[in-house]
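# Provided below are the primary sequence and the corresponding predicted coordinates.
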Amino acid sequence: MTDCEHFLDTVCAQIHWRSRSLRVRRELAAHLEDHIAYLVGERGLSYDEAEQEAIVSMGDPVALGQALGQEHCPWRYCLIACITLAVWGAILLLLYTLLHRAGML
């Protein structure tokens, strides 16, 4: 296992929603690869040195994972969906009541 893979595993272990975890892993891996390529090409570092510097620049993997885990929390999306459904339900109930009282139903 490379250092990048270990870093990504540690970050993604903090994100408990698997589909979000996989998406975050792909995005972070792309950032790491881009940063490594820059460090190798522009600064002339070896691949191993560039990998270490890229990982260090990302910060603490546990703290990063916890922050991303809070951002990608499944309950947040469920709450938004429930509120949306409740609002649409109230609108439809109001519309039904108004049409029924007007004798149109």
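All right, it came through fine. Numbers count the residues shown, from 1 in each chain.
# Can you get me a residue count around residue 2?
Counted with other CB atoms under 10 Å, residues neighbouring residue 2 total 10. For every residue, glycine as well, the C-beta is placed using N, CA and C.
# hmm, I was thinking of residue 8
Other residues close to residue 8 by other CB under 10 Å number 23.
# Report the separation between it and residue 85.
In this view, residue 8 and residue 85 are 35 Å apart by CB to CB, to the nearest Å.
# go on, residue 6?
For residue 6, the distance to residue 85 - CB to CB - is 41 Å.
# for residue 95, same thing?
In this structure, residue 95 and residue 85 are separated by 16 Å, where distance is defined by CB to CB.
# for residue 11, same thing?
With distances defined as CB to CB, the gap from residue 11 to residue 85 amounts to 33 Å.
# Of those two, give the one with the bigger neighbour count.
Using other CB under 10 Å as the criterion, residue 11 and residue 85 rank with residue 11 on top: 25 against 10.
# Skipping adjacent residues, who's closest to residue 35 in space?
residue 54 (4.1 Å; CB to CB, 6 or more residues apart in numbering).
# How many residues are close by that neighbour?
Count around residue 54 with other CB under 10 Å applied: 23.
# Where does it sit: helix, strand or coil?
Secondary structure assignment for residue 54 (DSSP: H, G, I helix; E, B strand; the rest coil): helix.
# didn't it look like it was pressed against residue 30?
No - with contacts counted by CB atoms under 8 Å, residue 54 stays clear of residue 30, the gap being 11.7 Å.
# Now do the strands in this protein.
According to DSSP state E, the chain carries no segments that qualify as strands.
# Tell me which stretches of it form helices.
Taking DSSP state H as the criterion, the chain contains helices spanning 3-12, 18-43, 47-58, 61-71, 74-101.
# most tightly surrounded among those helices?
Burial of the helices of the chain is given as mean neighbour count (mean count of other CB atoms under 10 Å); helix 3-12 ranks first at a mean of 17.
# what's the angle between that helix and helix 47-58?
The directions of helix 3-12 and helix 47-58 differ by 20 degrees, with axes from the mean of the first three to the mean of the last three CA atoms, to 10 degrees as the criterion.
# Could you name the helices and strands sitting against helix 3-12?
In this structure, helix 3-12 makes packing contacts with helix 18-43, helix 47-58, helix 61-71, judged by 3 or more CB pairs under 8 Å, 6 or more residues apart in numbering; DSSP states H and E.
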